[in-house]
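>>> Fold the following and give me the result.
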Amino acid sequence: MNVARSFNNWRKYRQTVAELGRMSTRELHDLGIDRGEIRTVARAAVAR
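Sure thing, here's the model as predicted:
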């Protein structure tokens, strides 16, 4: 994996964590996500 791709993946991960972190617990629950799973979900989103 090259540096540019790694950087872009890191940015996508951080953006996903930030967006999910701003959501209320109820909104996350509606999506089937617990607050403690945000980082795992973000990692999975980048791996796609």
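>>> now the strands for the chain?
Listed from the start of the chain, the chain has no strands (DSSP state E) to report.
>>> what are the ranges of the helices in it?
Secondary structure of the chain by DSSP state H: the helices cover 3-22, 25-30, 38-47.
>>> How far away from the center of its chain is the last one?
Going back to what we said before, that points to helix 38-47. Distance of helix 38-47 from its chain centroid, counting by C-alpha atoms, centre = their mean, to the nearest Å, is 5 Å.
>>> Run through the residues that contact Glu37.
Taking C-beta atoms under 8 Å, 6 or more residues apart in numbering, we find Glu37 in contact with no residue. No exception for glycine: its C-beta is placed from N, CA and C like everyone else's.
>>> Low-confidence ranges, the chain, go.
Applying pLDDT under 70 to the chain picks out residues 1.
>>> Name the residue closest to the centre of it, please.
When the chain is reduced to its mean C-alpha position, the closest residue under C-alpha atoms, centre = their mean turns out to be Ala42, at 2.3 Å.
>>> what's around the nearest residue to that one once chain neighbours are set aside, how many residues?
Nearest residue to Ala42 in three dimensions, chain neighbours excluded: Thr16, at 3.9 Å (C-beta to C-beta, 6 or more residues apart in numbering). Each residue near Thr16 was counted by other C-beta atoms under 10 Å, and the total is 18.
>>> again, but for the one 4 residues further on
The number of residues packed around Leu20, counting by other C-beta under 10 Å, is 19.
>>> And it, how far from Arg5?
With distances taken as C-beta to C-beta, to the nearest Å, Leu20 is found 22 Å from Arg5.
>>> How about Ala47?
12 Å.
>>> what about Lys12, distance to Ala44?
Distance check for Lys12 against Ala44: by C-beta to C-beta, it reads 11 Å.
>>> Compare these two and say which is more crowded by neighbours.
When neighbours are counted by other C-beta under 10 Å, Lys12 comes out ahead of the other of Lys12 and Ala44, with 14 against 11.
>>> Alright, calling it a day.
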